[in-house]
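[1] my questions are about this predicted structure, shown below with the sequence.
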2 protein chains.
Amino acid sequence: MLLALLLLAPVANDVPQRLVGGALADGMAYQRLSELTDTVGARLSGSPGAEAAVQWALQRFKQDGLDAHLEPVKVPHWVRGEETGEILAGARRQPLAITALGGSVGGDVTAEVVEARSLDDLRDVRGKVVFFNHEMNKPQDYGRDVDLRSRGPAVAGRAGAVGVLLRSLATASFRSPHTGVTIYEADAPRIPAAAVSTEDADFIHRMLARGPVKAHFTLGCRWLPDADSFNVVADVRGRERPDEIVLMGAHLDSWDLAQGANDDGAGVAMVMEAGRLLQALPQHPRRTVRVVLFMNEENGLAGGKAYAAAHAGELAKHVAAIEADAGAGRALGITLRAGDGGDAMLMPWLEPLHTALGIGLQREGEAGGADISPMGPAQVPFAGVHVDPTHYFDIHHSAADTLDKIDPQLLAQDAAAHALLAYGLAEMPQPLPRPPAREPRNRQEPLKAH
Amino acid sequence: MLLALLLLAPVANDVPQRLVGGALADGMAYQRLSELTDTVGARLSGSPGAEAAVQWALQRFKQDGLDAHLEPVKVPHWVRGEETGEILAGARRQPLAITALGGSVGGDVTAEVVEARSLDDLRDVRGKVVFFNHEMNKPQDYGRDVDLRSRGPAVAGRAGAVGVLLRSLATASFRSPHTGVTIYEADAPRIPAAAVSTEDADFIHRMLARGPVKAHFTLGCRWLPDADSFNVVADVRGRERPDEIVLMGAHLDSWDLAQGANDDGAGVAMVMEAGRLLQALPQHPRRTVRVVLFMNEENGLAGGKAYAAAHAGELAKHVAAIEADAGAGRALGITLRAGDGGDAMLMPWLEPLHTALGIGLQREGEAGGADISPMGPAQVPFAGVHVDPTHYFDIHHSAADTLDKIDPQLLAQDAAAHALLAYGLAEMPQPLPRPPAREPRNRQEPLKAH
């Protein structure tokens, strides 16, 4: 029976043992994540932390024996500064737990607050602060409510508002505001915009039921000239078809409020570890596995766009792209976006994942990722490891995105899953059928300094 | 069978129905808590919020028909000011989520950090910042670790340290520091002392493993002259023995970082609601039920001491004292500290609690409370409603102690439990046997302005 399995299974050697054993026993993914988060720390595009992260990653890839280099990316450069706010309601003054949305202009705002529940819900907001409230209470709500953050300030500014306070997009809170990018529009006034903690949002909502409410807030954030930065690209060279590429990405930049352990240090650690383990195999997979650490996913997607542009001529040879950017929850399954018949082709190559981690191909949920989405028009198949999102948005984009939130054993399992998935995609005899073309998922325009 | 029960049960009338029905159906406890937390807000002793809370409570008691008055209390007056901090480790600078311990002197500190795990663990701390770390991870650990907060700065100052950073006493965190009182000693240097979030504590601990770590922090807190404040005292006059008193207390002051919903707005709302419901009974209980909202539990216990002193001559007639100061978790049982035979005497009077809320007398856990502890030497029996403490220390003394954390239905159940317990103690024909004398639980000396 064992012999039969060994003969039938396409991955019938000691590769799974090396990849899973290495990921779980070496402790290297967590060690790398600790280095990145503790010794580098926050790494918003254009910051010294981002540049330190680039150099750190390049050096670590080389240390692991990968063929690594930097690819230039011009990135927006926004800095936060001091930020304070308070609510004034009659004699009551209540300090706000507040943080500027990424990309907001700075400023000092004092005005009456009006609550809105959607972008269409903006009546009588001229001269006022629009308070965008919503009911996010599970990870799946993010997609529904994120427009309030990304487009709310532009829409409110166009309607004559003088500022925006957004209920944080969060699934839990101990008075922690969550930032994230907002995108102004060229022809709409740019008004200061900040997130408040869900507790503060509840407070504003309750106080509005009691009577008029004013907000006063000051944001010290500002735009600096665009900065020079890099994607970090590292290849595990394929033994037979080195020009065919399985890309495995994560983003190196993070928001500035914390260490970016969950978003996306964890993804960086997983794909670096998968790359290290693949590089160390006595026999490399057939195709090249390329690890790409993208810059500027959080506020511009310049890295993802730059990669797709610089490699436009090779995208037909990109046989798959994977992105790890959903934290380090337990691996639940493998997602795929390929042409017809792709599922059946990939399935046998996922047997080691089933044996080692109990996961297989998922029918639900599309594979993808912001940084790899610019490869969608070139019909690059997307694959991914779907990780449990339950607690991802508890700390997402907040000061609480710290190393202690990452479980070392789950991180190691996720790294093993990425290594096995990339191995299968790089070793299967024929590449996956390509899916229909898809527009980049993230439509945000490059942010302009101002 | 029903008739037999009615004849046997000591509370054999519509009192339980009125108390439980009123607490659960009127929604008044939560409404009062909302008023206190939203329209008054933070209420640290000496602050305008504390005085507003006193006036609010007096007015509400009168509105409910209780016989209410104020009793003067001289309180310490400490104010926080701005507070910032960062960790410096090589080239790495990491902002700290930091908040001064209540009572700390202000100051600006820059020094090397040394970690200590206990008050006995202070070697080579001269000129350094002592970082008190610990392993609190469940509510029951608070009693073990709180000495690091209350006495740590005094002990570290005596050993020559120049500042203290304390790992917050917390069972959960999203980068939220937890304050709480620290007590200097008369003959030890007073050094600035602050709490950092558990995440920052983990970071400092990890960075110390990598090499030397410095801390720089600035605390703007300071002491003002003692202030005049009040306990609020409101009686539901007993119908037969009005001079015998069942005291039901909570504390009206709170820390300054939030609204004090959990600590101790919830307790205030419960005992006010219990008082309202008892006052509204067609026939008052035999004895007087006295609701006392103490001032200054958090940083001096001046209210508890002032009450025991002002009423020293009546304490022999205090047949029981209850304190509600453990949040609004689910009621789990009734605790009692009385003389021999007290349990058996009280038991039948708890039948309505068992029927309505499924709780009865607990053998484990001592009844008590900081504010009522000064009545211990006078052998006043203590009783209490034990509420589930699981999440109490998640938000305790932090900016996240906000109204949204309180479950209105659990709060109402807890109010009903207090009403039923107080009714039983005030109605039972003979008072409980008195326990042996006990020293006040909270030994802290009055804080001196400085």
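    That came through fine.
[2] if I look at the residue in the stretch 351-450 of chain A that chain B sits nearest to, how far off is A:L257?
    Across the stretch 351-450 of chain A, no residue is closer to chain B than A:A400, which sits at 3.7 Å (Cβ to the nearest Cβ). Every residue, glycine included, has its C-beta placed from N, CA and C. Distance of A:A400 to A:L257, given as Cβ to Cβ, to the nearest Å: 9 Å.
[3] before we move on, what about A:A419?
    31 Å.
[4] who's more crowded, those two?
    Each of A:A419 and A:L257 has its neighbours counted (other Cβ atoms under 10 Å in any protein chain shown); A:A419 has more, 30 against 22.
[5] circling back: not counting its neighbours along the chain, what's nearest the residue of the stretch 351-450 of chain A closest to chain B?
    B:F174 (3.7 Å; Cβ to Cβ, 6 or more residues apart in numbering or on different chains).
[6] then A:V289?
    In space, A:V289 is closest to A:V236, 4.3 Å off (Cβ to Cβ, 6+ apart).
[7] then A:E244?
    Setting aside the residues directly before and after it, A:E244 is nearest to A:R287 in space (Cβ to Cβ, 6+ apart), at 4.2 Å.
[8] pretty sure the residue nearest to A:A400 contacts A:D394?
    Yes - when contacts are counted by Cβ atoms under 8 Å, B:F174 is listed as touching A:D394 (7.0 Å).
[9] overlap in contacts, those two.
    A:A172, A:S173, A:A400 (Cβ atoms under 8 Å, 6 or more residues apart in numbering or on different chains).
[10] who's in contact with the first one?
    Right, the one you point to is A:A172. A:H391, A:F393, A:D394, B:F174.
[11] kindly report the same for the last one.
    For A:A400, the contacting residues are A:F174, A:S176, A:A258, A:D394, B:S173, B:F174, B:R175, B:E199, by Cβ under 8 Å, 6+ apart.
[12] okay, and which of those map to helices?
    Those of the contacts of A:A400 mapping onto helices are A:D394, B:E199, per DSSP state H.
[13] most surrounded residue in the contacts of A:A400?
    A:S176 (31 neighbours).
[14] could you measure from it over to A:D388?
    For A:S176 relative to A:D388 (Cβ to Cβ), the value is 21 Å.
[15] could you do A:A280 as well?
    From A:A280 over to A:D388 (counting by Cβ to Cβ), the distance is 28 Å.
[16] surely A:E86 is within a strand?
    Yes - with DSSP: H, G, I helix; E, B strand; the rest coil as the criterion, A:E86 is part of a strand.
[17] just the helices in the stretch 101-250 of chain A please.
    A:142-150, A:152-158, A:198-210 (DSSP state H, counting those that start in this stretch).
[18] okay, the ones you listed, which one's buried deepest?
    Stretch with highest mean neighbour count among those: helix A:152-158 (a mean of 24; mean count of other Cβ atoms under 10 Å in any protein chain shown).
[19] report the mean confidence score over that one.
    Averaging pLDDT along helix A:152-158 yields 98.
[20] likewise stretch A:13-29?
    96.
[21] so does it get close to chain B?
    No - using Cβ under 8 Å from any Cβ of the partner chain, stretch A:13-29 stays clear of chain B, coming no nearer than 14.6 Å.
[22] give the buried residues for that stretch.
    Residues A:V15, A:P16, A:R18, A:L19, A:V20, A:G22, A:A23, A:L24, A:D26, A:M28, A:A29 are the ones in stretch A:13-29 that count as buried (16 or more other Cβ atoms under 10 Å in any protein chain shown).
[23] how about these in CSV, adding secondary structure?
    Formatted as CSV, the buried residues of stretch A:13-29 follow (three-state DSSP):
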residue, secondary structure
A:V15, helix
A:P16, helix
A:R18, helix
A:L19, helix
A:V20, helix
A:G22, helix
A:A23, helix
A:L24, helix
A:D26, helix
A:M28, helix
A:A29, helix
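[24] check contacts around the residue of the stretch 201-350 of chain A found nearest chain B.
    In the stretch 201-350 of chain A, the residue that lies nearest chain B is A:D202 (4.7 Å; Cβ to the nearest Cβ). Counting by Cβ under 8 Å, 6+ apart, A:D202 touches B:T402, B:L403, B:D404.
[25] who touches stretch A:345-364?
    So stretch A:345-364 is contacted by A:9-11, A:15-16, A:19-20, A:331-336, A:338, A:343, A:383, A:385-386, A:413, A:416-417, A:420-421, A:423-425, A:427-428, A:430, A:432-433 (Cβ under 8 Å, 6+ apart).
[26] in it, what's buried?
    So, applying 16+ other Cβ under 10 Å, buried residues of stretch A:345-364: A:M345, A:L346, A:W349, A:L350, A:E351, A:P352, A:L353, A:A356, A:L357, A:I359, A:L361.
[27] and the fourth one, that's in a helix?
    Right, the one you point to is A:L350. Yes - A:L350 forms part of a helix when assessed by three-state DSSP.
[28] now the helices for the stretch 251-400 of chain A?
    Under DSSP H, counting those that start in this stretch, the stretch 251-400 of chain A gives helices at A:266-279, A:302-310, A:342-346, A:351-357, A:392-395.
[29] would CSV of the ones you listed with mean pLDDT and distance to B:L70 be doable?
    Output for the helices of the stretch 251-400 of chain A, formatted as CSV (pLDDT from 0 to 100; distance: least, Cβ to Cβ, whole Å):
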stretch, mean pLDDT, distance to B:L70
helix A:266-279, 98, 56
helix A:302-310, 98, 64
helix A:342-346, 97, 75
helix A:351-357, 96, 66
helix A:392-395, 98, 44
